[in-house]
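*Asks:* Next comes the sequence, and after it the predicted model I'd like to discuss.
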Amino acid sequence: RKEVEQDPGPFNVPEGATVAFNCTYSNSASQSFFWYRQDCRKEPKLLMSVYSSGNEDGRFTAQLNRASQYISLLIRDSKLSDSATYLCVGGSGGSYIPTFGRGTSLIVHP
Amino acid sequence: EPEVTQTPSHQVTQMGQEVILRCVPISNHLYFYWYRQILGQKVEFLVSFYNNEISEKSEIFDDQFSVERPDGSNFTLKIRSTKLEDSAMYFCASSNRDRSSYEQYFGPGTRLTVT
């Protein structure tokens, strides 16, 4: 069974902190990876794609490590509004069925 | 900014009844998806749809489920005979890229409660 695993957290950090999440995937043939953000009882929202060369968007940096089969998300200068659950999504090999992780909960406090 | 819409926001039904969940994807998108999320659990893929046919479906998407694009704007999920375990949030999503891309835009969801 192709799985995407995440530490559920919660990660409890003060404003301004830097926090990093990892996500491991079991299917070495996975091609596409994404980070989504989900607020409580809301829909997932695309945060960023994860490219082989890494991807940076403002305070957010995503990286892919194919050798160790994990992707990471780094958030710098955390804001209160960053509090949410961060979902890792991987492509499921040739069938292209997206597999979601259970999510990592982030709580940013004043 | 264009967005995916879903109706109703909350549907309560009795076990054994049929329900139809409706979605209006973003207008220039060509790929459509249904997901479900049982409370407290992860988002699970149900089905993808392109060019008026199913592209992929998961093990969850059995004969009880069907999808349809009855006109140029709506995309529906039908559950023929609901079971208690079908209670979940159902999300519709759309994208304008091919199935290898998961840059998908999700609707706000329909909360289905089966009693």
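*Replies:* That came in fine, so what should we check first?
*Asks:* do the helix or strand bottoming out on mean pLDDT in chain A and chain B meet?
*Replies:* Ranked by mean pLDDT, DSSP states H and E, the weakest helix or strand in chain A is strand A:99-100, scoring a mean of 90. Yes. Strand A:99-100 lies within reach of chain B by CB under 8 Å from any CB of the partner chain, at A:99, A:100. C-beta here means a position set from N, CA and C on the backbone, and glycine is covered the same way.
*Asks:* so where is the chain shaky, pLDDT-wise?
*Replies:* Picking chain A for this. A:1-2, A:92-96 (pLDDT under 70).
*Asks:* wrong one, I was asking about chain B
*Replies:* B:98-102.
*Asks:* can you map out the strands along it?
*Replies:* For chain B, applying DSSP state E gives strands covering B:5-7, B:10-13, B:19-24, B:31-37, B:44-50, B:53-57, B:65-68, B:75-79, B:88-95, B:105-106, B:110-114.
*Asks:* and what of chain A?
*Replies:* Under the criterion DSSP E, chain A contains strands at A:4-6, A:11-14, A:19-25, A:33-38, A:44-50, A:55-57, A:60-65, A:70-75, A:84-90, A:99-100, A:104-109.
*Asks:* Same list, those strands, but as CSV with mean neighbour count please.
*Replies:* Supplementary listing: the strands of chain A in CSV, determined by neighbours: other CB atoms under 10 Å in any protein chain shown:
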stretch, mean neighbour count
strand A:4-6, 20
strand A:11-14, 14
strand A:19-25, 19
strand A:33-38, 22
strand A:44-50, 19
strand A:55-57, 13
strand A:60-65, 18
strand A:70-75, 20
strand A:84-90, 24
strand A:99-100, 24
strand A:104-109, 18
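*Asks:* Any chance of those strands in CSV with distance to residue B:22 as columns?
*Replies:* Supplementary listing: the strands of chain A in CSV, determined by distance: least, CB to CB, whole Å:
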stretch, distance to residue B:22
strand A:4-6, 29
strand A:11-14, 37
strand A:19-25, 33
strand A:33-38, 22
strand A:44-50, 19
strand A:55-57, 33
strand A:60-65, 33
strand A:70-75, 33
strand A:84-90, 25
strand A:99-100, 23
strand A:104-109, 31
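*Asks:* Residue B:47 is nearest to which of those strands?
*Replies:* Evaluated with CB to CB, the strands of chain A place strand A:99-100 nearest to residue B:47, the distance being 14.6 Å.
*Asks:* what does that closest one contact?
*Replies:* For strand A:99-100, the external contacting residues (CB atoms under 8 Å, 6 or more residues apart in numbering or on different chains) are A:2-4, A:25, A:27, A:36, A:44, A:87-92, B:42-45.
*Asks:* Can you tell me the closest non-neighbouring residue to the residue nearest the centre of chain B?
*Replies:* For chain B, the residue nearest the mean C-alpha position is residue B:34 (3.0 Å; CA atoms, centre = their mean). Taking CB to CB, 6 or more residues apart in numbering or on different chains as the measure, residue B:34 lies nearest to residue B:46, with 4.3 Å between them; neighbours along the chain are not counted.
*Asks:* hmm, stretch A:24-35 in reach of chain B?
*Replies:* Yes. Using CB under 8 Å from any CB, we find that stretch A:24-35 touches chain B at A:31, A:32, A:34.
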